[in-house]
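>>> Here is a sequence with its predicted model. Questions after.
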Amino acid sequence: MFDVVWRSVAIGIGATLLMDLWAIVLNRVFGLALPNWGLVGRWVWHLRTGRVFHDDITAAAPFSQELALGWVFHYAVGILYGALLVVVVGAGWLTAPTFLPAWILGLVTVGAGWFLLAPGMGAGWAASRRPDAMQVRALNLVAHTVFALGLYGTALLVR
């Protein structure tokens, strides 16, 4: 059992790390902004008051440790998704990983960003309030495909 748990945690961390490296590549090559995990931390902090949706998260009261909270939340979600993959497809996947289940999960998890995080932070459903909404959506799909590659690749490394 412990073996399944540590490998599930490892694939979640590995996938999240690969997605972060992808964001750095996009930043350095194309000048795209890096994710602001501080604002995500602010959003998470305000969840404790029951406030899920904001018109503009930058207008919400700041929290001194919001950057750290945002990073912890980011990796906790990645670990949760890694564990969810193993629960859904079964622990046997860890000994013979395939890409398709990881990719399906990666694409499904885009929904959490589109229908919870984006509107929660004030960007609207699937970033609809952003002037570059279609670009954001496309980049989300690619980033979650990279996340899926990280799930698969890390599973190959830890099998």
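Sure thing, it's come through.

>>> Could you use CA atoms for every contact and neighbour count after this?
OK.

>>> Now do the strands for this protein: every range, in order, please.
Ranges of strands within the chain: none, based on DSSP state E.

>>> Contacts only, for the residue lying closest to residue 95 once chain neighbours are set aside.
Closest residue in space to residue 95, ignoring its immediate chain neighbours: residue 159 at 5.2 Å, by Cα to Cα, 6 or more residues apart in numbering. By Cα atoms under 8 Å, 6 or more residues apart in numbering, the residues touching residue 159 are 7, 94, 95, 96.

>>> and if you look at residue 49?
Residues in contact with residue 49 (Cα under 8 Å, 6+ apart): none are found.

>>> Check the gap between it and residue 113 for me.
Remark: distance between residue 49 and residue 113 (Cα to Cα, to the nearest Å) = 20 Å.

>>> Same check on residue 82?
16 Å.

>>> the more surrounded of these two?
Neighbour count, other Cα atoms under 10 Å: between residue 82 and residue 113, residue 82 has more, with 31 against 17.

>>> Longest helix in this structure, please.
Longest helix of the chain, by residue count under DSSP state H: helix 2-30.

>>> Which strands and helices lie in contact with that one?
Applying 3 or more Cα pairs under 8 Å, 6 or more residues apart in numbering; DSSP states H and E, we find helix 2-30 packed against helix 66-89, helix 133-158.

>>> Same list (these) but as JSON lines, adding distance to residue 102 and mean pLDDT.
Compiled in JSON lines, those are given as follows (distance: least, Cα to Cα, whole Å; pLDDT from 0 to 100):
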{"stretch": "helix 66-89", "distance to residue 102": "7", "mean pLDDT": "98"}
{"stretch": "helix 133-158", "distance to residue 102": "5", "mean pLDDT": "98"}
